[in-house]
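> quick one, fold the following:
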Amino acid sequence: MAKSSKAKKSIDSLETKGKIWTFPKNILEESILIPKAIDEKNAGNPMHASDLSKALGYNLPNDWRYLDLLKSANLYGLVNGTGQSAIVNLEKLGQDIVAPSSTAERQQALLAAFRHVPEFKEVEAFYGGKKIPEDEFFLNTLTRNFKIPKDRAEKFAEIFKRNLEFLKSFNAYHPDQIIEDKNEPIIEYTQSADNPSNKETRVRKYLDSCFVMMPFGLWFDIYYQDIYVPAIREAGFEPVRADELFSTGSVVEQIWEQITKAKIILADLTDKNPNVFYELGLAHAAIKPVIFVSSKLEDIPFDLRHLRVIIYEIREPNWSDKLKKNISDYLRNANKEPEKSIPHPFRVNFENKKNK
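Predicted structure coming up:
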C-alpha cells in the first residue's frame, strides 16, 4: 500500500513538473519585503532586479529564493516585473501597504493583495469565513473543487492559512465586515477565538516589528502594556512579546522566528532573568540591533554597557514618561544606525552582510 501511494505521488509530481505556479510560494508578509525595499532604498522609483536583490541581502539576482520572492510579490499585485533582468515597478497596492495614508488604507490594501491571487479569492469565498477543515479534508477540497495539483496542495494550504492569520493580525480580515471609511481608526484591542488564555491581543499597526524580551509578572506586564507598547509604536514599530505567541509548535522555534522577523530588539535585563538572556543570545546570533533597558545598571553585563542602555528609576518623578521618551528615541536612533546596537564580534558579520 505504501509503495503504491509513493508511486501515485511520483505520478502527480510528473504531471505538474515544469508547469507554472499560479499562486505565490511565499506568504504575503514575506512578499511585502519587495515593495518595502523599493520604497526605502529607491524612494519608490523603479529598480533593476539586480539592485533590488542586493537591497534584500541576496548576493546574486539569480538566487532562486529571491526570484521566488519577486514572483510572489508580482502575484499579489504589489509590484510589476519578474526575472533577474527585469525593471521592477512599485504598484499602487504595494505603495498602499508600505506607505499608506491611513490605517484603514493599509488594511484594505492587504486584503486586496491577498484576493489579487484568484485561487486565494475563490477558496476564501467558498468557505465564507467558516473554519477551515482539518488538513486531509481541506487538501481534498483544494484538489477536487479548485483543481490545485495534489503535489502543490499542501504548500497552497500552508500559504493560504498563514495569510489569513497575517490579515487577522492587522484586523484586515472580517468576512462579515467591510471597511468603508478610509479614515476609520483600527480597534485597539480585540478578542481572539484562537487565544487559549483569552487574553486581549493588540491589532497590528506597523509592518516592522520590535521583539520585546523581558520577565513576565504583574508589574512587568503593566510596564509592557502601559509604557513599552506605546513607546515602541511611537517609534514606528509593532511590539511583540513571547507570551503573545499562541500558535502550536516549539516555543523556542516561535521565539526564533519572531527574532529573525524583527527589525529591532528591546531587552529588559532587570533581575537577570535567564530566559531573557537566552533570547538575547539568539538575537545576537541573528545579528539584530538590541536596545537594553534595566532598573539597575549592575544587571547589564559589563561587556554590553557600551551599547544603547536605558536605566530607569521608578522613584523618580514622571519616571514612566521619561522611560517612554527614551525608548522611542533610542529605537529611532538604532534604526538609523543599527551597527551601534550590535556587539563587536557580531557587528563585523553585520557590516560584511551589509556590504555584500
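> flag the shaky bits of the stretch 51-200 of the chain, pLDDT-wise.
174-200 (pLDDT under 70).
> please enumerate the helices of it.
Using DSSP state H, counting those that start in this stretch, the helices of the stretch 51-200 of the chain run over residues 64-75, 92-98, 103-115, 118-127, 135-145, 150-169.
> any chance of these in a markdown table, plus mean neighbour count and distance to K263?
In this view, the C-beta of every residue, glycine as well, is placed from N, C-alpha and C. Output for the helices of the stretch 51-200 of the chain, formatted as a markdown table (neighbours: other CB atoms under 10 Å; distance: least, CB to CB, whole Å):
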| stretch | mean neighbour count | distance to K263 |
| --- | --- | --- |
| helix 64-75 | 21 | 18 |
| helix 92-98 | 21 | 13 |
| helix 103-115 | 21 | 17 |
| helix 118-127 | 16 | 27 |
| helix 135-145 | 14 | 33 |
| helix 150-169 | 18 | 16 |
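> to G44, which of these lies closest?
Checking the helices of the stretch 51-200 of the chain against G44 by CB to CB gives helix 92-98 as the closest, at 6.6 Å.
> coming back round to it: got a markdown table for the helices of the stretch 51-200 of the chain, with distance to K272 too?
Output for the helices of the stretch 51-200 of the chain, formatted as a markdown table (distance: least, CB to CB, whole Å):
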| stretch | distance to K272 |
| --- | --- |
| helix 64-75 | 39 |
| helix 92-98 | 39 |
| helix 103-115 | 38 |
| helix 118-127 | 47 |
| helix 135-145 | 43 |
| helix 150-169 | 32 |
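> closest to D208 out of the ones you listed?
When the helices of the stretch 51-200 of the chain are compared by CB to CB, helix 92-98 sits nearest D208, at 10.2 Å.
> touching the closest one from outside, list them.
Here helix 92-98 makes contact (CB atoms under 8 Å, 6 or more residues apart in numbering) with 32, 34-36, 38-39, 44, 73, 76-79, 105-106, 108-110, 112-113, 116, 207.
> now with 7 Å, please.
The contact list for helix 92-98 (CB atoms under 7 Å, 6 or more residues apart in numbering) reads 32, 35-36, 39, 44, 77-79, 105-106, 109-110, 112-113, 116, 207.
> what does stretch 299-307 give?
For stretch 299-307, contacts defined as CB under 7 Å, 6+ apart pick out L269, T270, D271, K272, F292, S294, V309, S341, P343.
> which among those residues end up buried?
By neighbour count, with 16 or more other CB atoms under 10 Å, these hold L269, T270, F292, S294, V309, S341, P343 as buried.
> could you check how far the second one is from D226?
In other words, T270. Shown here: T270 relative to D226, a distance of 16 Å by CB to CB, to the nearest Å.
> the fifth one too?
With distances defined as CB to CB, the gap from V309 to D226 amounts to 22 Å.
> and N326, what does it touch?
By CB under 7 Å, 6+ apart, the contact list for N326 reads I310.
> what does L167 give?
L110, L111, F114, Y173.
> any idea how far the last one is from A73?
Meaning Y173. Counting by CB to CB - Y173 and A73 are separated by 20 Å.
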